[in-house]
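J.: Got a predicted structure plus its sequence, pasted below:
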Amino acid sequence: MTLFELLILLIIAAIAGSLGQAVAGYSVGGCLMSIVVGFIGALLGLWLARLLGLPEFFPITVGDRTFPLVWSIIGSAILAAIVGLLTRRRSVIVRRPR
């Protein structure tokens with residue numbers, strides 16, 4: 001795998017992670033976290049697809065590696081939703097002095 005192929009895979013993972021976070025409605029972090037969520041989402045999505053016996057939809061081949069784009073987005077959405085449920089946002093009540 002060349003450096004260019006790795007860069008392309010990182011960009012695809014970032015896009016998939018960002019789309020998955022947008023579908024879930026919860027953002028884990030910035031661009032680097034989107035890449036991490038995209039790769040973990042690809043692993044989670046492929047595991048789920050193989051568990052249910054579903055095929056890979058729209059795999060993207062870069063060099064000798066394939067990246068399952070649809071399952072990565074689905075896995076990223078599941079991962080972002082789980083993280084969003086586990087880390088609830090705390091509401092802050094501000095009292096004004098009278």
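T.: Ah, there it is.

J.: Just checking, which helix or strand succeeds the helix or strand bottoming out on mean pLDDT in the chain along the chain?
T.: Lowest on mean pLDDT, DSSP states H and E among the helices and strands of the chain sits strand 65-68, with a mean of 84. Scanning forward in sequence from strand 65-68 by DSSP states H and E, the next helix or strand is helix 69-86.

J.: Partner strands of the least confident helix or strand of the chain and their direction?
T.: Here strand 65-68 has these sheet partners by DSSP bridges: strand 59-62 (antiparallel).

J.: Please point out which parts of the strand it pairs with sit buried.
T.: By 16 or more other Cβ atoms under 10 Å, the buried positions in strand 59-62 come out as residue 62. Backbone N, C-alpha and C define where each C-beta goes, glycine included.

J.: hmm, who's touching that strand?
T.: Residues from elsewhere that reach strand 59-62 (Cβ atoms under 8 Å, 6 or more residues apart in numbering): 5, 8-9, 12, 66-69.

J.: Just the buried residues out of those residues, in ChimeraX syntax.
T.: Selecting only the buried entries of the contacts of strand 59-62 in ChimeraX, with 16+ other Cβ under 10 Å as the criterion:
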select :8,9,12,67,68,69
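
J.: where do the helices sit along this structure?
T.: Per DSSP state H, the chain carries helices over the ranges 3-24, 31-52, 69-86.

J.: Could you export those to a markdown table, including columns for mean pLDDT and distance to residue 95?
T.: Conversion of these to a markdown table gives the following (pLDDT from 0 to 100; distance: least, Cβ to Cβ, whole Å):
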| stretch | mean pLDDT | distance to residue 95 |
| --- | --- | --- |
| helix 3-24 | 89 | 33 |
| helix 31-52 | 88 | 34 |
| helix 69-86 | 88 | 28 |
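
J.: Name the nearest of the contacts of strand 59-62 relative to residue 97.
T.: Lowest distance from residue 97 to those (Cβ to Cβ) belongs to residue 12, with 52.6 Å.

J.: can you pull the contacts of the closest one?
T.: Contact analysis of residue 12 by Cβ under 8 Å, 6+ apart lists 38, 60, 62, 67, 69.
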